[in-house]
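1. Please find the sequence and the predicted model below.
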Amino acid sequence: MSLVRCDKTEAWSALRAHYESKGRQFDLRTAFAADAGRFDRFSVQAPGVFADLSKNRWDASTRALLTGLAAECGLEARRDAMFAGEPINLTEGRAVLHTALRAPKDAPPLSAATDAAIADVHAVLTPMLTYAEGVRAQAGTQFTDILNIGIGGSDLGPQMAVLALEEFAHPKLRFHFVSNVDGHDIAPVLKRLNPRTTLVIVASKTFTTQETLANANVAREWFTANGGTDVGAHFVGVTTNIQAAAKFGITTTFGFWDWVGGRYSLWSAIGLSLAIAIGADGFEDFLGGANAMDEHFRTAPLAHNLPVQLALVDVWYRNFHGFTSRSVAPYHQGLKRLPAYLQQLEMESNGKCVDVDGHAVPFATSPVVWGEPGTNGQHAYFQMLHQGTDVVPVEFIAVKTPAKGHTGRYADLHAKLLANCLAQSQALMQGKPAAEAAQESPPTASRTIAREVIAEHRSFPGNRPSTTLVLDALTPRTLGALIALYEHRVFCTGALWGINSFDQWGVELGKALCNELLPRFESGATDGLDSSTAGLLTKLIAK
């Protein structure tokens, strides 16, 4: 596998010159006026997801240079190595095979490592789905509530997906998610539950995760204190540490492998809550959508490969335009937790400052990813997007068809939702010059301030870039494709930057320091601490 870090390529130098000569002053309005076919030229259809990339600050020459960068960096070779099960997670010596988690049992052979992984996956997937169906068969009687206790990927993924696919969830089951070690998270949830009809999923690969085990112990205490007698029937573990789970009282466990990173684990047994929600067939559709996107990523030419093209736009904005963040605005309430999920996926993966060889990278890596569902975001932070001093690329996600039964008034609401989505991307691109604003008479404008001054306040600079992703409907299959799309996009940017997207050493230091500080809350000892930490500790434990 031959890899070249992006800034070491000829294409990088060509892109720098191109940015200075054309990219810095690129204007979207001029580009659309000059090219009636721009939308068609900069649209990409992938399985389950359509992407309009035409409102981005690039033209055909930019895209060609960026695609050349991907080729010169050896992106295809690194992609193939991932699918083949080579240990591309170099700092941990592990393969990266989350794609095997959604491969069908009869998938065409790729490599001995991948084929073995797929066989292992189905050895767990089949009994897990059987278990999920068993829980569903007892819905409304033996079980009414499912409580998922995890953190990070063991919480963000299942929670996001269960919320997104509520239309497909079992009508007699309610789902709850607890992750924060703060008791204010779990206490109000437990108050709403009946221990006799609650199933608790404890999701921790090692069964040692501090936050998860603390909450699991609270849940077990609540269960036994309120008449629960059979922990084994009401608690299930998603873990590889069967002995620790058994000591806890759990008799049913589903495991996964060290090549499954937390933020890529939704497709594994970590997705048990989702499998219970949407059933075995729904979960298979979810995996199938992701697998279809995997095949698109694995086989489509770079110029027509949606994860690759999105990643190239990200590199163009982060490393040449200097944009520091990206806002994700899903125009579907079911996707309200998607921005939080993508924060971990992207920032934990690519928030790195050294390359795979341990050398400091001389360029920016992961942007800040943030967002809220539309139309709520329009009345919160879109003011800054339109008129603020920072340019923030926006990613709109539109769903063409609403949930079944959304007719009449609900259909009207969905039309308004989609109209708002299109209007916001249009407004960001077009803007409004002060001369146009001066012709208007806004009723709320002060009558004591000159019209031309008001016009300056009501002008919009425009030329603000956005991407719009479109799903025909929000289903298990399209959601699977959408999430896999984002996974591969993150992989591509990390590969181009020459960093390891699959470790997360930055999470470890705080955990270690927490374990050192915890006993001091009992002893009050502050020796060896910096003055700020010592002062805060003293303040927090003072009677």
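-> Structure received. Numbers count the residues shown, from 1 in each chain.

2. avg pLDDT for stretch 51-59?
-> Stretch 51-59 shows a mean pLDDT of 98.

3. Over to stretch 251-267?
-> 94.

4. For it, which residues meet the burial criterion?
-> 253-257, 259-267 (16 or more other C-beta atoms under 10 Å). To be clear about C-beta, it is placed using only N, CA and C from the backbone, and glycine gets the same treatment.

5. do the same with stretch 359-368
-> For stretch 359-368, by 16+ other C-beta under 10 Å, it's 361, 365-367.

6. Also stretch 188-207?
-> 189-190, 193, 195, 198-205, 207.

7. so can I have CSV of those showing pLDDT and secondary structure?
-> Listed next are the buried residues of stretch 188-207 as CSV, based on pLDDT from 0 to 100; DSSP: H, G, I helix; E, B strand; the rest coil:
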residue, pLDDT, secondary structure
189, 98, helix
190, 98, helix
193, 97, coil
195, 97, helix
198, 98, strand
199, 98, strand
200, 98, strand
201, 98, strand
202, 98, strand
203, 97, strand
204, 94, coil
205, 89, coil
207, 93, coil
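
8. of those, closest to residue 497?
-> residue 205 (27.2 Å; C-beta to C-beta).

9. which residues touch that closest one?
-> 154, 238-241, 256, 260, 262 (C-beta atoms under 8 Å, 6 or more residues apart in numbering).

10. Just want to check the distance between it and residue 236.
-> 15 Å (C-beta to C-beta, to the nearest Å).

11. now do residue 62
-> 51 Å.

12. quick one: which of these two has more around it?
-> Between residue 62 and residue 236, counted using other C-beta atoms under 10 Å, the more crowded position is residue 236 (25 against 21).

13. That one: what secondary structure?
-> What DSSP: H, G, I helix; E, B strand; the rest coil gives for residue 236 is strand.

14. How about the one 4 residues further on?
-> Three states are possible here, and by three-state DSSP the one that applies to residue 240 is coil.

15. what's the nearest residue to it if we skip its chain neighbours?
-> residue 255 (4.4 Å; C-beta to C-beta, 6 or more residues apart in numbering).

16. hang on, the one you found packs against residue 269?
-> Yes - counting by C-beta atoms under 8 Å, residue 255 touches residue 269, with 6.6 Å between them.

17. Find residues that contact each of those two.
-> 124, 238.

18. got a pLDDT number for the nearest residue to residue 333 once chain neighbours are set aside?
-> By the measure of C-beta to C-beta, 6+ apart, the closest residue to residue 333 outside its immediate chain neighbours is residue 373, 5.8 Å from it. At residue 373, the pLDDT value in this model is 97.

19. how much space between residue 373 and residue 339?
-> In terms of C-beta to C-beta, residue 373 sits 8 Å off from residue 339.

20. what sits in contact with each of those two?
-> residue 330.

21. Tell me the one among the contacts of residue 205 nearest to residue 94.
-> residue 260 (9.5 Å).

22. That closest one: which element?
-> Counting by DSSP states H and E, no helix or strand carries residue 260.

23. Per the annotation, how does this protein divide into domains?
-> Using automatic domain parsing, the domain parsing of the chain gives 6-73+301-430+464-503, 118-280, 508-541.

24. how much distance is there from the first one to the middle of the chain?
-> This points to domain 6-73+301-430+464-503. 13 Å (C-alpha atoms, centre = their mean, to the nearest Å).

25. and residue 131, what does it touch?
-> 236, 252, 254, 272.

26. what bridges to the third one?
-> For residue 254, the beta-bridge assignment (DSSP bridges) gives partners residue 238.

27. That one contacts residue 272, doesn't it?
-> Yes - counting by C-beta under 8 Å, residue 272 is a contact partner of residue 254 at 6.5 Å.

28. Identify the contacts common to the two.
-> In contact with both residue 254 and residue 272: 128, 131, 236, 238, using C-beta under 8 Å, 6+ apart.

29. Widest-spaced pair of the residues you listed?
-> 131 and 238, at 11.0 Å, using C-beta to C-beta across these.

30. what do these two both touch?
-> With C-beta under 8 Å, 6+ apart as the test, residue 131 and residue 238 both reach 254, 272.

31. one step back: tally of neighbours for the residue nearest to residue 333?
-> Residue 373: 21 neighbours (other C-beta under 10 Å).

32. just residue 334 next, same as before
-> 21.

33. one step back: OK, contacts around the residue nearest to residue 333?
-> 329-333, 335-336.

34. Could you turn the buried ones of these into a PyMOL selection?
-> The PyMOL selection below is limited to those of these classed as buried (16+ other C-beta under 10 Å):
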select buried, resi 329+330+331+332+333+335+336
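
35. Now, the contacts of residue 373 that are in strands?
-> 329-331 (DSSP state E).

36. For residue 289, state which of those is nearest.
-> residue 330 (16.7 Å).

37. related to what we said a few turns ago, from the shared contacts of residue 254 and residue 272, pick the one nearest residue 24.
-> The closest of these, once distances to residue 24 are taken by C-beta to C-beta, is residue 238, at 49.4 Å.

38. with the ones in strands among the contacts of residue 373 in mind, which one is nearest to residue 46?
-> Among the ones in strands among the contacts of residue 373, and counting by C-beta to C-beta, the member closest to residue 46 is residue 330, at 17.4 Å.

39. Check what pLDDT the most far-flung residue of the chain relative to its centre gets.
-> Distance from the centre of the chain peaks at residue 448, with 48.4 Å (C-alpha atoms, centre = their mean). Turning to residue 448, the model gives it a pLDDT of 94.

40. sec struct for it, please.
-> coil.

41. Then residue 396?
-> Going by three-state DSSP: residue 396 is strand.

42. residues near it, how many?
-> Neighbour tally, residue 396, other C-beta under 10 Å: 24.

43. cool, and residue 133?
-> Count around residue 133 with other C-beta under 10 Å applied: 14.

44. Quick check: chain neighbours aside, which residue is closest to residue 245?
-> Residue 245 sits nearest to residue 237 (C-beta to C-beta, 6+ apart), 3.9 Å away.

45. For burial, what's the neighbour tally of the one you found?
-> 27.

46. That one contacts residue 199, correct?
-> No - Residue 237 is not in contact with residue 199 according to C-beta under 8 Å; the separation is 11.8 Å.

47. Following element in sequence after the longest helix seen in the chain, please.
-> Counting by DSSP state H, the longest helix found in the chain is helix 272-299. With elements assigned by DSSP H and E, the helix or strand that comes after helix 272-299 is helix 306-315.

48. and that following helix, what does it pack onto?
-> strand 43-46, strand 49-52, helix 60-73, helix 272-299, helix 476-497 (3 or more C-beta pairs under 8 Å, 6 or more residues apart in numbering; DSSP states H and E).

49. Go through these and name the closest to residue 111.
-> helix 272-299 (12.5 Å).

50. Can you check what angle separates that closest one from helix 476-497?
-> 60 degrees (axes from the mean of the first three to the mean of the last three C-alpha atoms, to 10 degrees).

51. Run through the neighbouring helices and strands of helix 272-299.
-> So helix 272-299, by 3+ C-beta pairs under 8 Å, 6+ apart, packs with helix 75-83, helix 112-137, strand 145-149, helix 153-164, strand 174-178, strand 198-203, helix 306-315, helix 476-497.

52. residues of it that come out buried?
-> 272-280, 282-298.

53. Switch the domains of the chain over to a markdown table; also include distance to residue 106.
-> Converted to a markdown table, the domains of the chain look like this (distance: least, C-beta to C-beta, whole Å):
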| stretch | distance to residue 106 |
| --- | --- |
| domain 6-73+301-430+464-503 | 18 |
| domain 118-280 | 9 |
| domain 508-541 | 40 |
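
54. With respect to residue 92, which of these lies nearest?
-> domain 6-73+301-430+464-503 (5.6 Å).

55. how about a markdown table for the contacts of residue 131, with distance to residue 504 added?
-> Output for these, formatted as a markdown table (distance: C-beta to C-beta, whole Å):
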| residue | distance to residue 504 |
| --- | --- |
| 236 | 26 |
| 252 | 29 |
| 254 | 23 |
| 272 | 23 |
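
56. farthest-separated two in those?
-> 252 and 272 (10.3 Å).
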